[in-house]
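One predicted model, sequence on top.
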Amino acid sequence: MIYAENLRKEFTKNIKEPGLKGSFKALFKPQKETVVAADNISFHVPKGEILGFIGPNGAGKSTVIKMLTGILTPTSGQCRINDKIPQNDRKNYVRDIGVVFGQRTQLWWDLPLLETYSVLKEIYEVNDDRFKERMAFLNEVLELDDFIRSPVRTLSLGQRMRADIAASMLHSPKVLFLDEPTIGLDVVVKDNIRRAIMKINKEEQTTVILTTHDISDIELLCDRIVMIDKGKNVYDGSLKELKHNYGQMRELTFEADPLSELSEQKFREGLNLFDEDMIVKCDKNMFSVRFNSDVMPVGEMLNHTLSVTKVKDIAVKDADIEEIIRRLYQEGADINE
């Protein structure tokens, strides 16, 4: 459904020196610099998949999404969505896609929500019977009835996000681009939106690209993620593979016997681990030890712990996906190579 191959986008910006002299110089002899926002990004998405498209701020995610939706033209490379090139046939192409930007709205601010949908119905040339059928489905999935006759300006953030998702789905798009759809929302509204996305995807086989900083969105909605950093591919694969290949960090928590007078320094003695491979935190007798299980296997860490103190309670847990992704962002390297 989505084919992106070696997408590259360059921008040219003017460099201005400080002060009045710099302003005159920039006016008559401007210095220019080329910035690469996306550097040969490639990925393919089959029909019906929910893909998590993630990366730190400034990684190039929005630039790639804008190229896929036809807002920007790639400097080089190509993208094809549902066998259409977005930049070549934009009018027909946008009939196949829905787009939601979490910090922007496509709704008319002063119109009641129902009238907004009526305007979109005419724009997308949805016939009356299909419109009624579609609104019934969206009301069921997104629970719009309570505020559908209210002006958009009176809606809460959570209501507006649900309304925006409904607007993007009104014409039954084959591909849905969601950019931070749960940003700033409370837990209950987030859960409602996630369930709506899953239902729409399951019942209509809608292909979804989800851009988010909320790791819970990724874990609950996506089986596969594409991660980019500094405009380049960093990872393309399943969450299961990511945890298996890069989830080497473990967390050991235990309550030490007060009589042992165990300290952080005493616990570290004999381990010879660098700081990046082990972090020890203690609060009175409660210890939390995050360690690299590739360097120090779990069994050896448990043996060491039991040798330096008696414990009242002990537990080991795997690294969660948020921790794995944080480490990959910090490394900033292409882990596919």
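That came in fine, so what should we check first? Residues are numbered from 1 along each chain as shown.

hang on, residue 186 packs against residue 158?
Yes - look at residue 186 against residue 158 with Cβ atoms under 8 Å: they come within range, at 6.8 Å. Bear in mind the C-beta positions are built from the backbone N, C-alpha and C, glycine included.

quick one, domains of the protein?
For the chain, the structural domains run 2-243, 248-318, going by automatic domain parsing.

Over the shortest one, what's the mean pLDDT, rounded is fine.
Looking back up the chat, that one is domain 248-318. Domain 248-318 carries an average pLDDT of 87.

go on, stretch 208-223?
Averaged over stretch 208-223, pLDDT sits at 86.

Contacts for it, please.
2, 45, 49-54, 61-62, 65, 68, 175-183, 190, 194, 197-198, 201, 225, 238-240, 320-322, 325 (Cβ atoms under 8 Å, 6 or more residues apart in numbering).

Of the residues you listed, just the buried ones, ChimeraX syntax please.
To isolate the buried ones among those in ChimeraX, judged by 16 or more other Cβ atoms under 10 Å, type:
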select :2,45,49,50,51,52,53,54,61,62,65,68,175,176,177,178,179,180,181,182,183,190,194,197,201,225,239,321,325
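
how near is residue 40 to residue 66?
For residue 40, the distance to residue 66 equals 17 Å [Cβ to Cβ, to the nearest Å].

So between the two, which is more surrounded?
Using other Cβ atoms under 10 Å, the more surrounded residue of residue 40 and residue 66 is residue 66, with 19 against 14.

Can you tell me which of the domains of the chain is packed in deepest?
Greatest average neighbour count among these goes to domain 2-243 (a mean of 17), per mean count of other Cβ atoms under 10 Å.

in this protein, which helix has the most residues?
Taking DSSP state H as the assignment, the helix of the chain that covers the most residues is helix 187-204.

next helix or strand past that helix?
For helix 187-204, the following helix or strand on the C-terminal side (DSSP states H and E) is strand 207-211.

how distant is that following strand from the center of its chain?
Relative to its chain's centre, strand 207-211 lies at 9 Å (Cα atoms, centre = their mean, to the nearest Å).

Give the pairing partners of it; include direction for each.
Strand 207-211 has the following strand partners under DSSP bridges: strand 50-54 (parallel), strand 175-179 (parallel).

all strands for the stretch 1-150 of the chain, in order.
Along the stretch 1-150 of the chain, the stretches classed as strands by DSSP state E, counting those that start in this stretch are 2-15, 31-45, 50-54, 76-81, 97-101.

Alpha carbons of the fourth one, as PDB, please.
Right, strand 76-81. The C-alpha trace of strand 76-81 is given here as PDB (Å, rounded to 0.1, in the frame of the first residue of the first chain):
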ATOM      1  CA  SER A  76      15.200  12.700  -4.900                       C
ATOM      2  CA  GLY A  77      13.700   9.200  -4.400                       C
ATOM      3  CA  GLN A  78      10.100   8.300  -4.900                       C
ATOM      4  CA  CYS A  79       7.000   7.300  -2.900                       C
ATOM      5  CA  ARG A  80       3.900   5.600  -4.100                       C
ATOM      6  CA  ILE A  81       0.700   5.100  -2.100                       C
END
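
Confirm for me that residue 109 is in contact with residue 154.
No - when contacts are counted by Cβ under 8 Å, residue 109 is not listed as touching residue 154 (10.0 Å).

if we can go back for a sec, what's the closest of the strands of the stretch 1-150 of the chain to residue 171?
With distances scored as Cβ to Cβ, the stretch of the strands of the stretch 1-150 of the chain nearest to residue 171 is strand 97-101 (7.4 Å).

Restrict that closest one to CA atoms and write it as PDB.
C-alpha atoms of strand 97-101 as PDB (Å, rounded to 0.1, in the frame of the first residue of the first chain):
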ATOM      1  CA  ILE A  97      -6.000   9.300   2.300                       C
ATOM      2  CA  GLY A  98      -6.900  10.800   5.700                       C
ATOM      3  CA  VAL A  99      -4.600  13.000   7.700                       C
ATOM      4  CA  VAL A 100      -4.700  14.100  11.300                       C
ATOM      5  CA  PHE A 101      -2.100  16.500  12.800                       C
END
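
isn't residue 86 right next to residue 72, touching?
No - if you go by Cβ under 8 Å, residue 86 and residue 72 don't touch, sitting 9.3 Å apart.

which residues are in contact with both of the two?
Counting by Cβ under 8 Å, 6+ apart, nothing touches both residue 86 and residue 72.

where does the protein dip in pLDDT?
Along the chain, segments meeting pLDDT under 70 span 247, 319-323, 327, 329-337.

quick one: furthest residue from the center of it?
Of all residues in the chain, residue 259 has its C-alpha farthest from the mean position, at 47.3 Å, by Cα atoms, centre = their mean.

How is residue 227 assigned, secondary-structure-wise?
Under DSSP: H, G, I helix; E, B strand; the rest coil, residue 227 falls in the strand class.

Quick check: bridge partners of it?
Beta-bridge partners of residue 227, as defined by DSSP bridges: residue 54, residue 235.
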